[in-house]
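A.B. asks: Give the three-dimensional model of this entry:
(chains A and B)
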Amino acid sequence: MATLKAVRGTRDLLPPETALWNRIEATARAVFARYNFGEIRTPVFEETSLFARGVGEETDIVSKEMYTWEDRARAASEKTQSLTLRPENTAGVVRAYIEHQLGETGQLQKLYYIGPQFRRERPQKGRYRQFYQIGAEVIGPPSAGSESPLRDAEVLEMLATLLDELGITGWTLELNSVGSSADRGRYNQALREALAPVVSQMCPDCQRRAVTNPLRVLDCKVPEDQPIIDALPRIADHLDQESERHFAAVTAALDAAYVPYRRNHRLVRGLDYYTRTTFEFTHGGLGAQNALLGGGRYDGLSEAIGGPKAPGIGFAMGEDRLALTLLAQEAAKAPLADAYVAPLGETMNAAALQLARELRHLGLWVELGEGSFRLKKSFEAADKTARQMVILGEDELQSGMLTVKNFSTGMQTKVPRAELAGFLSQPDC
RNA sequence: GCGGCAGUAGUUCAGUGGCAGAACGCCUGACUGUGGCUCAGGAUGUCGUGGGUUCGAUCCCCACCCGCCGCCCCA
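C.D. replies: Predicted structure coming up:
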């Protein structure tokens, strides 16, 4: 029988890497809380139509990357239902916003989520079929200020803070505006017209994109095509006055908050629901998957899925890539316990558990050894798992003076049991 | 989904149509309450899976699985 393994594109996260993941999530939660975001948890699966309408029927995500199945009927009278593992979380959050009539509160909703998403893509490093996203949405009725460029700037400033606090060095914020959907339609047309006379000089990929999806031409990385692309019309020149003013206000607020950004006229990508502000935080060293997070404004999404007018802005951050980036920066090494309690002889095992319990109740991180080990073996095990080792033999039990070995200083000390926890808590010197 | 490269010990990787290898790690002992250094010994394994060619396949061929790189797309 073939051995069982995690299915393609999925994986197990094990210590010590999970410690890094926990740190990432704890940092995100702490930052979000300071910006007055609350956590939302939506189901990992939803009705298929939510994603079809919210994300866009024509997008690759919906047309070929979703895990969709027909949920079977339990009774003859019940209909089957098409369900889908969520490929992203914004649609689910907006669905919940509508379902719970959060707009009726009149308040701006600031919600964040952390959880797995599912897309049936070809796996690669930093790209999995079950992947994890940390994201947030600011959404509400226009009267709550949900359309304000200040919201965009606040979210971007929060993200800059979060990446800094996570210890990501060398990130770049790329920023653009895609205007209204009407603006985008006009721009698409202008792009097609501008491409027509020059496309024959471009790479085969671009020749194909020019027909199927002209916006994708802007992503081309072939060096020879760059001068041609630079000469193409920019969406900035096709924005209506409102969108232009909105974008100017966003950048003014970013300047005031000292958030560095780079205008990227080619950043027009994104899902169907994006309007106006779009952005990406990128980082080198991730290969073709250089985006750490992406997001933008989606003023029409709620209405697209049958809800009230509820403009919003949000982002999703790839936690897998974040962990990868941090791992490359700091080479996650397993942290060490405060102490390893080594009983000397099996008869000392029970007393060792009692000692370990005492120390653990005082908040120390303690590993418990095994009395059948020879002292040499205890030392070897302790050296790998803890900063210090506490020897508990007959002598120590009788005298109440415990033997403590510090592995970084090499010092061995006799410590009264009452002072043990305090002694072990001292940092190495 | 398309194109390319790979899969051998826990890990990183050599290797050959004819006994399955190294380094590191692991275990035991030298050393019965003192680790790291040293020395001596030991175990590593369906050579990704299934077929085919062959007297014989880990090696050659085919298919599949999985990973990596790029494309598509995206976080």
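A.B. asks: Contacts for stretch A:375-392, please.
C.D. replies: A:336-344, A:348, A:351-352, A:355, A:366-367, A:369-370, A:373, A:402-408, A:420, A:424, A:428 (C-beta atoms under 8 Å, 6 or more residues apart in numbering). Placement of C-beta: from N, CA and C, glycine included.
A.B. asks: Sort out which residues of it are buried, please.
C.D. replies: By neighbour count on 16 or more other C-beta atoms under 10 Å, the buried set for stretch A:375-392 is A:S378, A:F379, A:A381, A:A382, A:A386, A:R387, A:Q388, A:M389, A:V390, A:I391, A:L392.
A.B. asks: Residues of the stretch 101-250 of chain A that sit close to RNA strand B?
C.D. replies: Residues of the stretch 101-250 of chain A found near RNA strand B, taking C-beta under 7 Å from any atom of the strand as the criterion, are A:119, A:121-128, A:131, A:133, A:205, A:209, A:212-213, A:216, A:219-221.
A.B. asks: Correction: the previous question concerned the stretch 301-429 of chain A.
C.D. replies: Applying C-beta under 7 Å from any atom of the strand, we find that the stretch 301-429 of chain A lies next to RNA strand B at A:316-318, A:320-321, A:344, A:374-377, A:379-381, A:383-384, A:391, A:393-396, A:403, A:405, A:407, A:410, A:412.
A.B. asks: Are any of the contacts of stretch A:375-392 buried, and if so which?
C.D. replies: The buried subset of the contacts of stretch A:375-392 (16+ other C-beta under 10 Å) comprises A:336-344, A:348, A:351-352, A:355, A:366-367, A:369, A:373, A:402-407, A:420, A:424.
A.B. asks: what packs against the helix or strand containing A:N176?
C.D. replies: Assigned by DSSP states H and E, A:N176 falls within strand A:172-177. Counting contacts by 3 or more C-beta pairs under 8 Å, 6 or more residues apart in numbering; DSSP states H and E, strand A:172-177 is packed against helix A:149-166, helix A:241-256, strand A:262-263, strand A:275-282.
A.B. asks: quick check: angle from the second one to strand A:275-282?
C.D. replies: On the basis of axes from the mean of the first three to the mean of the last three C-alpha atoms, to 10 degrees, helix A:241-256 is oriented at 40 degrees to strand A:275-282.
A.B. asks: any idea of the angle helix A:241-256 forms with strand A:172-177?
C.D. replies: Using the same axes, to 10 degrees: helix A:241-256 against strand A:172-177 is 160 degrees.
A.B. asks: For helix A:241-256, give me every contacting residue.
C.D. replies: A:147, A:149-150, A:152-154, A:156-157, A:175, A:177, A:179-180, A:183, A:239, A:261, A:263, A:276-277.
A.B. asks: Alpha carbons of that helix, in CSV - could you do that?
C.D. replies: C-alpha atoms of helix A:241-256 as CSV (Å, rounded to 0.1, in the frame of the first residue of the first chain):
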residue,chain,number,x,y,z
GLN,A,241,-12.2,64.0,-12.1
GLU,A,242,-13.6,62.3,-9.0
SER,A,243,-11.2,59.4,-9.2
GLU,A,244,-8.3,61.8,-9.8
ARG,A,245,-9.1,63.9,-6.8
HIS,A,246,-9.5,60.7,-4.7
PHE,A,247,-6.1,59.5,-5.7
ALA,A,248,-4.5,62.8,-5.0
ALA,A,249,-6.0,62.8,-1.5
VAL,A,250,-4.7,59.3,-0.8
THR,A,251,-1.1,60.2,-1.8
ALA,A,252,-1.3,63.5,0.2
ALA,A,253,-2.2,61.6,3.3
LEU,A,254,0.5,59.1,2.7
ASP,A,255,3.1,61.9,2.4
ALA,A,256,1.8,63.4,5.6
